[in-house]
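Colleague: quick one, what's the 3D model for this:
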Amino acid sequence: MIKTIGQARKFILAEKICTLFKSNLKGVKSLWDVVDLPDRQKGEGGWGEKIGAIWHWKNALPEQFPDEIFYGKLRGGAAVLMSMDYLKEVHYEKYHKRMEECRELSQNIFDLVRLEPYETGVLRRECLERFGCTKSQFDGALKELQITLNIVRSNEPGLERDTWLSFTEVYPDSFK
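Modeller: Sure, this is the predicted structure:
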């Protein structure tokens, strides 16, 4: 059972890919099922130690080990951590879509992100105003861009909020 970020790193590298939380994906284990930390107790405020650790690790692992661990989303929206080897050898080829194959709103969002990094909240406000979309439409388009490996969360240490960059800006030579 996992109690530390180092153990979580070893688990991800051994499994190749895992979801953060429980999922029905066949053949893909969840970090939630193997972390041995206390969950929130009845009547206790906040998240609890278990969910807090997993939520922290989703950002900390790719920040601390950017050449080893990748954070992304799967079709259906499940958040995952995977080894960079798995991303390069299996996942990218299977799930990457060119921007021309994505929805128009996704293309519009990508055009903003490829010019400069955006935090989610700022990007959402900009898109709602500029493109007249709803929050739900924006969220779906942002998810599509993550699933199709066109945008990624910045691995810059110390970021408080999700900040989005184009995939090719972060990984310029790895996937050609």
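Colleague: what helix or strand is the residue nearest to the spatial centre of the chain on?
Modeller: In the chain, the centroid-proximal residue (C-alpha atoms, centre = their mean) is Gly72; its distance is 2.9 Å. Per DSSP states H and E: Gly72 is located in strand 69-73.
Colleague: neighbouring strands for that strand, and are they parallel or not?
Modeller: strand 79-83 (antiparallel) (DSSP bridges).
Colleague: now the longest helix along the chain: how far from the chain's centre is it?
Modeller: Identified as the longest helix of the chain according to DSSP state H is helix 49-64. Distance of helix 49-64 from the chain centroid (C-alpha atoms, centre = their mean, to the nearest Å) equals 12 Å.
Colleague: may I see the buried residues of that helix?
Modeller: Residues 50-51, 53-54, 57-63 are the ones in helix 49-64 that count as buried (16 or more other C-beta atoms under 10 Å). From N, CA and C alone the C-beta is placed, and that goes for glycine too.
Colleague: so it versus strand 69-73, what angle?
Modeller: Following axes from the mean of the first three to the mean of the last three C-alpha atoms, to 10 degrees, one obtains 120 degrees for the angle between helix 49-64 and strand 69-73.
Colleague: same for helix 49-64, what does it pack against?
Modeller: Helices and strands touching helix 49-64, by 3 or more C-beta pairs under 8 Å, 6 or more residues apart in numbering; DSSP states H and E, are helix 5-15, helix 31-34, strand 69-73, strand 79-83.
Colleague: can you count the residues close to the closest residue to Glu100 other than its chain neighbours?
Modeller: Taking C-beta to C-beta, 6 or more residues apart in numbering as the measure, Glu100 lies nearest to Gln107, with 7.8 Å between them; neighbours along the chain are not counted. Using other C-beta atoms under 10 Å, Gln107 is surrounded by 16 other residues.
Colleague: just to revisit the earlier point, kindly export the strand holding Gly72 (C-alpha atoms) in CSV.
Modeller: Presented in CSV, the C-alpha positions along strand 69-73 are these (Å, rounded to 0.1, in the frame of the first residue of the first chain):
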residue,chain,number,x,y,z
ILE,A,69,5.5,11.0,-15.4
PHE,A,70,2.7,12.6,-17.4
TYR,A,71,-0.7,13.9,-16.1
GLY,A,72,-3.6,13.8,-18.5
LYS,A,73,-7.1,12.8,-19.2
